[in-house]
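1. just to be clear, the model below is a prediction. Sequence and coordinates:
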Amino acid sequence: MKITMIGTGYVGLVSGACFADFGHDVVCVDKDAGKIAAIESGRMPIFEPGLDHLVGSNASAGRLTFTTDLAKGVKGADAIFIAVGTPSRRGDGHADLSYVYAAAKEIAESLDGPTVIVTKSTVPVGTGDEVERIVREARPDLDIQVVSNPEFLREGAAIGDFKRPDRVVVGTTGSERAIDVMAQVYRPLNLNQAPVMFTGRRTAELIKYAANAFLATKITFINEMADLCEAVGAEVQDVSRGIGLDNRIGSKFLHAGPGYGGSCFPKDTLALVKTGQDYDTPIRIVETVVQVNDLRKRAMGRKIVKALGGEARGKTVALLGLTFKPNTDDMRDAPSLAIVQALEDAGAKIVAYDPEGMDVAAPLMPGVTMVKDAYEAATGADALVLVTEWDAFRALDLKRLAASMNGPVLVDLRNIYPRREAEAAGFSLTRVGGKGVNV
C-alpha cells in the first residue's frame, strides 16, 4: 500500500519508518526543508535508539522517501496519516489543533482521488468530526473517509512498541472501505497476533487520553505514597512491589520519583481536564494529578536543599540526567527544569551531565554548566543528584565520586542505589520514599 505521513516529528518519523519496514511504500512530508535534508543525509531530528538505521535501510531500499511537497506526497495514497504536533494551547491548556486542521485542509485540496485520512496525532474527542467537515467542504467531489488511529509509543522504546504493540486502536464511523484499508495497513502485525481494535471514532480519540491519564495517575499515586512513607517510616519500594504483585494493579508505572514529564503526559492530562470541563463532566482525579505533579517537581529542588543542610547559596549541585526519561533527548516538561529553577532561586551553582540531552537542555537552562561525564560533574560538588535513570548511571564508582566531591551528599531521586552501598562509599544518602535500609 502507499502510505503518506504528514509530519516527521517523533510519531511521524517512527511510524513512517516502521510502516516502510513492514513493506509498505511510505512518503514522509514535512514543511521544514532543513529537517528533510538532515534526515536524508542520515541525521535524525530526535534521538531514538535504532531509528537512524531503520530510516537509512528503508530509504536505501526505496520504500521510504521524504519530501516538502505535500501535493506530490499525497498523490495516489491509500492512507494519509496526520502526525503533526498538538501542543497545549497557550493561555487555556486546550490542545492546539491548528496544525491538524491546516494539514487536513491542505491534504484535501491536493488529493487526486479517494483516500482514508488518519489522525495519528493525539487529539481531543470530536477532532475527527471537524477534520471530516474540513475535507468534505474542500472536496465534496471525493470519497474521503476520516479515521482515528492514536499512537501508543514510549520514547526510548518506540520502534519495539510500534512493531509489537499491546493493541492497535482504529476509530471509524463504520465505513467498510476505511475498515478494509486500515486492516491492510496493519496486516503485517497479524504474525505477532497484535489485537487490532475497531471502535467508533470518538471512542478511539478518548482511549488515548484515558490511557495516558491513567498511567499519569499511577505515577502520581506512588509519588504521594512515597511522601507518606517518608513521614511514617515505611519504604516505598516495598510498598510498590507489595501492591504491584496484585494482578489487578500491576507493577508498571509504580516507581516513585520526581514526577512525570515528556511530550505526552503533561499536555494530554491537561487536555483531558479541559475536555471534561467543556462537556460539564469534570474529571476531578485527573485535575488533582496535574496539580500534584506540577508541585512535586519543584518540591524535589527543596528536597535537595534540605539534603544540603537547608542552605544552598554558594554551593555546587551536580545533576546526573536532564531529559524526562532515559533513551531520549526530549526535555519537554522534564523534572530537571523545575529542579534547576528551584536550585538557582536558592542560590546554588549547577553543573550537569546527560548522555543525550545536553544540546537540547542548554538553551533551556543557560545558567547550568554542562560537562562531559558523571565524574567531571561530581568534582568539587557539594551534592550529587541522580535525576534521570540512564543505564550509564546504574553502576557508577561511588567511592570515586565521593572522593572527588567537596561534600559527599547523594540525592537519588530514582532510588537506584541501596543505602548500604552509598554509605559504604562515604555518601550521605537521601532517597525518595524511605530510608532504603534493605534495598
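-> Cool, got the structure.
2. do I have it right that residue 344 meets residue 350?
-> Yes: under the contact definition of C-beta atoms under 8 Å, residue 344 touches residue 350, with a separation of 6.8 Å. (Glycine included, C-beta is placed from N, CA and C.)
3. the more surrounded of the two?
-> When neighbours are counted by other C-beta atoms under 10 Å, residue 344 and residue 350 differ, and residue 350 comes out ahead with 23 against 17.
4. got the buried residues for the helix or strand residue 135 falls within?
-> Residue 135 is part of helix 127-138 when elements are defined by DSSP states H and E. For helix 127-138, the neighbour count (16 or more other C-beta atoms under 10 Å) marks 127, 128, 130, 131, 132, 134, 135, 138 as buried.
5. need the next SSE after it, C-terminal direction.
-> Past helix 127-138, the next helix or strand by DSSP H and E is strand 144-148.
6. so which other helices or strands are in contact with that next one?
-> Strand 144-148 sits against strand 115-119, helix 127-138, strand 168-172, helix 176-185, helix 201-232, with contacts defined as 3 or more C-beta pairs under 8 Å, 6 or more residues apart in numbering; DSSP states H and E.
7. do that again at 10 Å, thanks
-> Using 3 or more C-beta pairs under 10 Å, 6 or more residues apart in numbering; DSSP states H and E, the elements in contact with strand 144-148 are strand 79-82, helix 98-110, strand 115-119, helix 127-138, strand 168-172, helix 176-185, strand 196-200, helix 201-232.
8. quick one: the ones you listed as JSON lines, columns for distance to residue 153 too.
-> JSON lines is the format used below for the helices and strands packed on strand 144-148 (distance: least, C-beta to C-beta, whole Å):
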{"stretch": "strand 79-82", "distance to residue 153": "13"}
{"stretch": "helix 98-110", "distance to residue 153": "18"}
{"stretch": "strand 115-119", "distance to residue 153": "15"}
{"stretch": "helix 127-138", "distance to residue 153": "19"}
{"stretch": "strand 168-172", "distance to residue 153": "12"}
{"stretch": "helix 176-185", "distance to residue 153": "16"}
{"stretch": "strand 196-200", "distance to residue 153": "16"}
{"stretch": "helix 201-232", "distance to residue 153": "11"}
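9. mind checking which of those is nearest residue 30?
-> Set against residue 30 and scored by C-beta to C-beta, those come closest in helix 98-110, at 10.8 Å.
10. can you state the direction angle for that closest one and helix 127-138?
-> Between the direction of helix 98-110 and that of helix 127-138, the angle (axes from the mean of the first three to the mean of the last three C-alpha atoms, to 10 degrees) works out to 30 degrees.
11. any idea of the mean pLDDT for helix 98-110?
-> The pLDDT scores in helix 98-110 average 96.
12. overlap of the contact sets of residue 344 and residue 350?
-> With contacts taken as C-beta atoms under 10 Å, 6 or more residues apart in numbering, the residues that reach both residue 344 and residue 350 are 312, 317, 365, 367, 368.
13. tell me who's in contact with the third one.
-> Put plainly, it is residue 365. 319, 322, 331, 334, 336-337, 339-341, 344, 350, 352, 358.
14. of all the residues you listed, which comes closest to residue 10?
-> The closest of these to residue 10 turns out to be residue 331 (C-beta to C-beta; 13.0 Å).
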